[in-house]
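>>> Give me the fold of what follows.
(one chain, ligands or ions: 1)
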Amino acid sequence: MPRLTNDFSWSISRDVTFQQCPRRYYYHYYGSWGGWEMDTDEKTRQVYILKQLCTRQMWQGQVVHECIQRTMTNLKNGVPPLLPEEIIAKTRERMRAAFRSSREGVYHRKPKTLALFEHEYKVELSDDEWKQSWQHVERCLDNFYSSAYYAKLRDLPRQDFIQIEEFDSFRLDGVKVHAVLDLAYRESGVNHIVDWKTGKSASKDNKLQLTCYAMYAQEKWGVELGSIRITEYNLYNDRMDEDGVSSGDIDAVKSYMRGSVDDMRRLLTDVEGNRAEEDDFKGTTSGRECKRCNFQRICATKVCDKNQE
Ligand code: SF4
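Numbers count the residues shown, from 1 in each chain. Modelled structure (predicted):
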C-alpha cells in the first residue's frame with residue numbers, strides 16, 4: 001500500500017485550532033503525522049497519542065453522535081432499529097467499558113481507544129461528576145428517541161436518506177475542504193441537512209459551518225441553494241432551529257476560507273510539500289488555553305499557571 005501523504009486541507013476545526021494556538025495547530029496537523037507507524041520516533045508517537053485526547057464533554061457528544069448514526073444507518077439499510085431502552089442500555093455498557101479502558105491508560109498502547117483528557121492529566125473529579133456524563137448522554141438520547149422528529153425519520157422511505165456522518169470533502173480553489181454531515185435526507189423536494197448539538201448551552205453562531213454544509217451539498221448533489229434547509233437539533237435542550245443559506249452567506253464564507261488558508265500556508269516552510277517547522281508556530285499567550293490543551297505535557301512554549309490570571 002502506498003504511504004499516506006500529509007496533504008493540506010481545510011476544515012472548520014482546523015481553522016479553530018489555528019486561531020486558538022498556532023503551536024497546537026502544528027502539533028495536531030504536522031507534529032503528530034506518522035505517529036501511528038511502528039518505527040516512528042518517541043516524540044512523534046507521544047504527540048500522536050496526546051492528539052487523541054478528548055474531554056468528557058467531547059466524549060459525551062461523540063457517544064450521542066455514534067448512537068444516532070447507528071440508528072440512522074439501520075433505517076437507511078432497512079434494518080429495524082433496537083427499541084430506545086435497548087439502545088440506551090447498550091450505550092451505557094459501552095461507556096462504562098470505554099471509561100475503564102481510558103482510566104487504565106490502554107490508549108498509550110492503543111491510541112484509537114478512548115483517551116480522556118481528565119485521565120491523562122489527572123484532573124480530580126468526583127464520582128458524581130463522572131455520573132453526570134452518563135446522565136447528559138441519557139438525556140440527549142431520551143429526548144431524541146421520544147421525539148416526533150425521530151418518529152418522522154423512522155417513517156422516511158429509506159431511499160430518501162442521502163448521507164449519514166460520511167467523511168467527505170469538496171474543493172475551493174483546489175483546496176480540499178472537509179465536511180461531515182450528521183444526517184442528510186430528501187423530503188418533498190427539500191434537501192434537509194441536520195446537525196446534532198449536545199451541549200447544555202444554546203449554540204454559538206454557527207453560520208460558517210452551516211454555510212460549508214450548503215456549499216458541499218451544492219457541489220456534491222448538484223442542488224439549488226433554495227432547496228437546502230439546515231436544522232440544528234440541540235438534543236440536550238430538545239430544541240430545533242431551522243435555517244437556510246443565501247448566496248451572500250456563501251460569498252462571505254468563501255472569502256473567510258481564503259483568508260484562513262492564506263494565514264495557515266504563510267507559516268509553512270514548503271507550501272507545495274505541505275511541510276512545517278515547529279519553531280515557526282508560536283504558542284498562545286493565554287494560560288487558559290494551555291490549561292485545557294492536549295499538548296501541555298510536551299509543549300516548551302506553554303504559558304505557566306502562575307501567569308494565567
Ligand atoms: S500548551 Fe499552550 S502554547 Fe503549547 S500548544 Fe498548547 S495551547 Fe499552545
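>>> ok, Gly226 - how many residues close by?
12 (other CB atoms under 10 Å). Using the backbone N, CA and C atoms, a C-beta is placed for each residue, glycine as well.
>>> Local confidence estimate at Glu104?
Note for Glu104: predicted pLDDT of 98.
>>> where in the protein is pLDDT low?
1-2, 202-204, 305-309 (pLDDT under 70).
>>> can you rerun that using 80?
For the chain, the stretches with pLDDT under 80 are 1-3, 201-205, 304-309.
>>> so where do the helices sit in it?
Under the criterion DSSP state H, the chain contains helices at 12-20, 22-26, 42-51, 56-76, 84-103, 117-120, 127-145, 148-154, 207-221, 247-266, 287-291.
>>> So which elements touch the second one?
The one in question is helix 22-26. helix 12-20 (3 or more CB pairs under 8 Å, 6 or more residues apart in numbering; DSSP states H and E).
>>> buried stuff in the helix it packs on?
Buried residues in helix 12-20, counting neighbours by 16 or more other CB atoms under 10 Å, are found at 12, 14-15, 17-18.
>>> can you tell me which residues contact the residue lying closest to Asp238 once chain neighbours are set aside?
With CB to CB, 6 or more residues apart in numbering as the criterion, Asp238 has its nearest non-adjacent residue at 4.2 Å, and that residue is Asn143. Contacts for Asn143 (CB atoms under 8 Å, 6 or more residues apart in numbering) come out as 235-236, 238.
>>> quick one, which of the helices of the chain is nearest to Lys110?
helix 84-103 (8.4 Å; CB to CB).
>>> What is that closest one packed up against?
helix 56-76, helix 127-145.
>>> what are the phi and psi angles of the nearest residue to Asn6 once chain neighbours are set aside?
Setting aside the residues directly before and after it, Asn6 is nearest to Trp33 in space (CB to CB, 6+ apart), at 4.8 Å. Dihedral angles of Trp33 (phi, psi; degrees, to the nearest 10) stand at phi -60, psi 130.
>>> Surely Lys254 and Phe170 touch.
No - Lys254 is beyond contact range of Phe170, at 11.7 Å (criterion: CB atoms under 8 Å).
>>> quick one: common contacting residues for the two?
With CB under 8 Å, 6+ apart as the test, Lys254 and Phe170 both reach Met215.
>>> which bits of the chain sit near the ligand?
21, 23-24, 27, 283-284, 289-290, 293, 295-296, 299, 301-303 (CB under 6 Å from any ligand atom).
>>> Recalculate using a threshold of 8 Å.
20-24, 26-27, 283-284, 286, 289-290, 293-296, 299-303 (CB under 8 Å from any ligand atom).
>>> Restricted to buried residues, select the residues you listed in PyMOL.
Selection command for PyMOL covering only the buried members of those, criterion 16+ other CB under 10 Å:
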select buried, resi 21+22+23+24+26+27+283+284+289+290+293+294+295+296+299+301+302+303
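>>> so who does Val303 touch?
283-287, 289-290 are the contacts of Val303 under CB under 8 Å, 6+ apart.
>>> same deal with Leu116?
53-56, 59, 99, 102-103.
>>> can you do 6 Å?
Ser102 (CB atoms under 6 Å, 6 or more residues apart in numbering).
>>> List the beta-bridge partners for Ser169.
Bridge pairing for Ser169 (DSSP bridges) gives the partners His178.
>>> Next, work out how far apart it and the ligand are.
26 Å (CB to the nearest ligand atom, to the nearest Å).
>>> again, but for Lys122
16 Å.
>>> The residue of the stretch 101-250 of the chain found nearest the ligand: neighbour count?
Using CB to the nearest ligand atom, the closest approach of the stretch 101-250 of the chain to the ligand is made by Tyr121 at 11.3 Å. By the measure other CB under 10 Å, the count of residues near Tyr121 is 15.
>>> What of Trp196?
By other CB under 10 Å, neighbour count at Trp196 equals 19.
>>> Could you list everything it pairs with in the sheet?
Under the criterion used (DSSP bridges), Trp196 bridges to Tyr233.
>>> wait, what's in contact with Ser146?
So Ser146 contacts nothing (CB under 6 Å, 6+ apart).
>>> Oops, could you answer that again for Tyr48 instead?
Tyr48 neighbours (CB under 6 Å, 6+ apart): 32, 35.
>>> Let me know which of the helices of the chain is tucked in deepest.
Most buried of the helices of the chain, by mean neighbour count (mean count of other CB atoms under 10 Å): helix 22-26, with a mean of 22.
>>> re the thing from before, from memory the residue nearest to Asn6 sits against Leu4, does it?
No - under the criterion of CB atoms under 6 Å, Trp33 makes no contact with Leu4, lying 8.6 Å away.
>>> Looking at those two, which one has more neighbours?
When Trp33 and Leu4 are compared for neighbours, Trp33 comes out ahead with 19 against 10, by other CB under 10 Å.
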